[in-house]
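In: Got a predicted model here, sequence first, then my questions.
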Amino acid sequence: MNARLNSVIGRLARYGLSLAGSAELTVRGRRSGKPQRIPVNPHTYEGTQYLVSARGHSQWVRNMRAAGGGELRVGRKVRTFTAVELSDAEKPPVLRTYLERWGWQVDEYFRGVTAKSSDEEIAVAAPDHPVFRITVTD
């Protein structure tokens, strides 16, 4: 997704229109302390919610590591959460189901790895794609 499309999807989520389950993530900037906003695709696996960074170790990932949580918004519904980053060994089943759900949108960032890839191929890709388990706090 390019920056302009990201902006549109984030704005739509802010005003209550979620595209295929997208939401607007707000996380405090690790240096500026200011809220940073970006559209994300929250993903549920075995009843637990996750945020996956298809684009790797991006700014929102670095901010999330520092902040330890943030907010997800769709319209007036705002969910505050804490976040715990998964180890690379924990990621493969979450990544596989994420790619099943969101692959149409994010496959290009996984360099040939898809939901149909072997467990070994997904495990090799895991270090390049941070995954956070989120727990809603309110």
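Out: Arrived safely.

In: what are the ranges of the strands in the chain?
Out: Remark: strands of the chain, listed N- to C-terminal, are 23-28, 35-40, 43-45, 48-52, 69-74, 77-85, 131-136; assignment by DSSP state E.

In: Quick one: residues in contact with the longest one.
Out: For strand 77-85, the surrounding residues in contact (C-beta atoms under 8 Å, 6 or more residues apart in numbering) are 49, 51, 64-65, 67-73, 130-138. Every C-beta, even on glycine, is put in place using the N, C-alpha and C of the backbone.

In: same deal with the first one?
Out: Here strand 23-28 makes contact (C-beta under 8 Å, 6+ apart) with 10, 13-14, 34-42, 51, 60, 63-64, 66-67, 69-74.

In: 7 Å - rerun?
Out: Residues from elsewhere that reach strand 23-28 (C-beta atoms under 7 Å, 6 or more residues apart in numbering): 10, 13-14, 35-40, 42, 60, 63-64, 67, 70-74.

In: which of those residues are buried?
Out: The neighbour-count criterion (16 or more other C-beta atoms under 10 Å) marks 10, 13-14, 36-40, 42, 60, 63-64, 67, 70-74 among the contacts of strand 23-28 as buried.

In: didn't Leu72 look like it was pressed against Pro42?
Out: Yes - in this structure, Leu72 is within contact of Pro42 by C-beta atoms under 7 Å, at 6.2 Å.

In: Tally up the residues packed near the closest residue to Asn63 other than its chain neighbours, please.
Out: Leaving aside its chain neighbours, Asn63 sits nearest to Val27 (4.5 Å; criterion: C-beta to C-beta, 6 or more residues apart in numbering). Neighbourhood size, Val27 [other C-beta atoms under 10 Å]: 25.

In: ok, which stretches of the protein are helices?
Out: The residue ranges that make up the helices of the chain, judged by DSSP state H, are 3-14, 59-67, 92-106, 119-125.
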